[in-house]
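Chemist: Provided below for reference: sequence and predicted model.
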Amino acid sequence: MKSKTWLFAILLSLVFFGNKAFSQGPPITADSPIMLGGGTFLMKTLTEIRFTDHGTFTRIPLMAHYLPTSDIVVSVHFPLVLYNFDNGLMEGENGTTFGDLEIMGKYQFYRKDGKGKTFRMVAKTLQTLPTGKELGIEDMSTGNYESYLSMVAGYETLKYGISSELGYSLSPNGNDDKVKLALGFGLPLLKPTYPVNQLNLYFEYDSEWYTETSGYRLLYAQGIQYAVNDLTLEAAVQIPLVQDVHSFRERNYSIFIGTRYNF
Amino acid sequence: MKSLFVTVIIALFTTVGQAQTDKFEVHVNGLGCPYCASGLEDAFKKFDGISDIKIDIQKGLLTFSMPAEANLSTEKVATTVEKASYTAVKTKVERANGKVETSEGKSAGTKTTATMETKTFEVAGECGMCKKRIETAAKGISGVSKASWKVESDMLTVTFNSKETSAKAVQKAVANVGHDTEAFKATDEAYKNLHACCKYERME
């Protein structure tokens, strides 16, 4: 099953290689406040393969982003989830399902540009719909509604990039209510040029406080991104630094593989 | 004869092939990473006939050419930069007819502060003292940013904001201090007041 999951994830990433890719730069696991022009349509994917003591879970989203204006983004994320429980209450359960559908909206309310640098702030909302199976796999397939509100801020220069996000997630039963704080740093390893030829390193922290069920988790992701002309590839490994949460929420590590495209 | 024929043919094709183009230079703020430039380029690619789009990410400089008949305005350029979510700081266009326009502004909707033109015309004079007098008179007009008169050729080159003044106004001012120009003749009294070494041959 594991090899099948890997193969599927890699194949999905490769499907887009023949298309025009959109050379992205900012965070891999975190979000970015940078919007790239009104009237554009962006497709992207960021596959996550999560390894836990309960099993291996893969989320393969197809994310369709539309920018009606230069400061608004609306998007829909269609996730495919592959699950394989090899321990715990659901041991032996495995399969593929449509995950929890997400609808996102972002509005850029502040922008300050300088020569070779920009600072932007964005208000963001993410609504999760219970289209997935009730598998209890967080951010993948819970079968529950969830509403998330946050503020994303980022400072991007030719030498480095910093992005941050502070938000609150609400669920109907309160079990998954949490405060989220993300902080990401990007470091270009090559001299910034256009046409794009970039090799970037990312260091991303993601922390969550469960307000109703008490718990705290701090994740660290080390990512690398390569963009040349129209093609961008990215990969990251995310590990927990702190995990003071219920055992079913514990993670061993995650692998992210992504590509981004502008049609 | 054969080589002459070939030369004429080549020259003809070269002339036909060279469409009249306006050349744009846009200083853009907010390009904090190479991928930002992708969004900017995509926004400009929507213009029909645009060519030679280049972005110097280090300088924040966007350059491109447009067919002259499109008559793309600097305001439209700034609006497009804004639509791409960046800030146009300064836009300069060299029109196919030689006219140079610049506009400065934070972004779309900002007031165009200057539409600069450079013109050269004949001004009669004789010496270094004339040069100083002519250039001072020209620069004394609001909107004139540069004025240079050549003793050898009697030609005055001025750069001015066409929204504030005109080439005729400059010539009038120069004539008022005693120097004949293409458009205006100095009064006899003004000519008489010139220093002895400045007595030039009057223009017809």
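Modeler: Yep, it's here.
Chemist: which stretches of chain B form strands?
Modeler: B:21-29, B:51-56, B:61-67, B:87-94, B:100-104, B:116-122, B:144-150, B:155-161 (DSSP state E).
Chemist: can you put the ones you listed in CSV and add mean neighbour count, distance to chain A and mean pLDDT?
Modeler: In this view, the C-beta of every residue, glycine as well, is placed from N, C-alpha and C. Shown next, in CSV, are the strands of chain B (neighbours: other CB atoms under 10 Å in any protein chain shown; distance: least, CB to the nearest CB, whole Å; pLDDT from 0 to 100):
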stretch, mean neighbour count, distance to chain A, mean pLDDT
strand B:21-29, 20, 4, 93
strand B:51-56, 15, 5, 93
strand B:61-67, 20, 10, 94
strand B:87-94, 21, 4, 90
strand B:100-104, 18, 14, 83
strand B:116-122, 16, 22, 80
strand B:144-150, 17, 24, 86
strand B:155-161, 20, 25, 85
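Chemist: now render these as TSV, adding distance to A:Ile72.
Modeler: Below are these laid out as TSV (distance: least, CB to CB, whole Å):
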stretch	distance to A:Ile72
strand B:21-29	21
strand B:51-56	25
strand B:61-67	24
strand B:87-94	18
strand B:100-104	27
strand B:116-122	36
strand B:144-150	41
strand B:155-161	37
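Chemist: which of these sits closest to A:Arg59?
Modeler: Ranking these by proximity to A:Arg59 (CB to CB) places strand B:51-56 first, at 35.5 Å.
Chemist: what pairs with the closest one, parallel or antiparallel?
Modeler: strand B:61-67 (antiparallel) (DSSP bridges).
Chemist: how far does the strand it pairs with sit from the chain's center?
Modeler: 16 Å (CA atoms, centre = their mean, to the nearest Å).
Chemist: what parts of chain A come near chain B?
Modeler: Proximity of chain A to chain B, by CB under 8 Å from any CB of the partner chain, involves residues A:22-26, A:34-40, A:69-71, A:108, A:111, A:113-118, A:155-158, A:161, A:188, A:192-198, A:227, A:232, A:262.
Chemist: can you rerun that using 7 Å?
Modeler: Applying CB under 7 Å from any CB of the partner chain, we find that chain A lies next to chain B at A:22-25, A:34-38, A:40, A:70, A:113-118, A:156-158, A:161, A:192-194, A:196, A:198, A:227.
Chemist: which of these are buried, as a PyMOL select command?
Modeler: A single PyMOL command is used to select the members of the residues of chain A next to chain B judged buried by 16 or more other CB atoms under 10 Å in any protein chain shown:
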select buried, chain A and resi 22+23+24+25+34+35+36+37+38+40+70+113+115+116+117+118+156+157+158+161+192+194+196+198+227
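Chemist: quick one: secondary structure of A:Met63?
Modeler: Under the three-state scheme (DSSP: H, G, I helix; E, B strand; the rest coil), A:Met63 adopts strand.
Chemist: what's the burial count for it?
Modeler: For A:Met63, the count of nearby residues is 18 (other CB atoms under 10 Å in any protein chain shown).
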